[in-house]
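*Asks:* turn this into a structure:
(one chain, ligands or ions: 2)
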Amino acid sequence: MAECFFHTGRPAVARCKQCGRPLCSECRIIKEDGIFCSLECAERFSVFAKRAEELEAKRNKESGTSGLIKFIIFLVILFAIYLIIRRFL
Ligand SMILES: [Zn+2]
Ligand SMILES: [Zn+2]
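*Replies:* Numbers count the residues shown, from 1 in each chain. Ligands and ions are numbered 1, 2, ... in the order given. Coordinates of the predicted model:
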């Protein structure tokens, strides 16, 4: 394993989840989100995670809407076919 980013010669026990810096047991900051080298990294990661979550939620919402639109188009096509068939009968 690599040595600590802040202490030369001290073996790293973890890596910052945000920037990937190797950290010794003294330098690591343990948060509920993971292990970080600094509070800035922890903050940045939580912002990033929150944004990713929002993006995911937005994507799910959009795919739900497009699914509904597809279903409506399908019904319209079905209705058009019904009208065409009725004209021939
Ligand atoms: Zn970091
Ligand atoms: Zn250290």
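
*Asks:* for the rest of this, base every contact and every neighbour count on C-alpha atoms.
*Replies:* OK.

*Asks:* pLDDT score assigned to residue 64?
*Replies:* Per-residue pLDDT puts residue 64 at 76.

*Asks:* neighbours of it, just the number please.
*Replies:* For residue 64, the count of nearby residues is 12 (other Cα atoms under 10 Å).

*Asks:* quick one: name the residues of the chain near ligand 2.
*Replies:* Contact residues (Cα under 5 Å from the ion) of the chain with ligand 2: 4, 6, 7, 24, 27.

*Asks:* show me the residue at the heart of this protein, geometrically.
*Replies:* The centre of the chain sits closest to residue 52, judged by Cα atoms, centre = their mean, with a distance of 3.6 Å.

*Asks:* packing partners for the helix or strand where residue 50 lies?
*Replies:* Using DSSP states H and E, residue 50 sits in helix 39-88. Counting contacts by 3 or more Cα pairs under 8 Å, 6 or more residues apart in numbering; DSSP states H and E, helix 39-88 packs against no other helix or strand.

*Asks:* so how far is that helix from its chain's centroid?
*Replies:* Centre-to-centre, helix 39-88 and its host chain are 17 Å apart (Cα atoms, centre = their mean, to the nearest Å).
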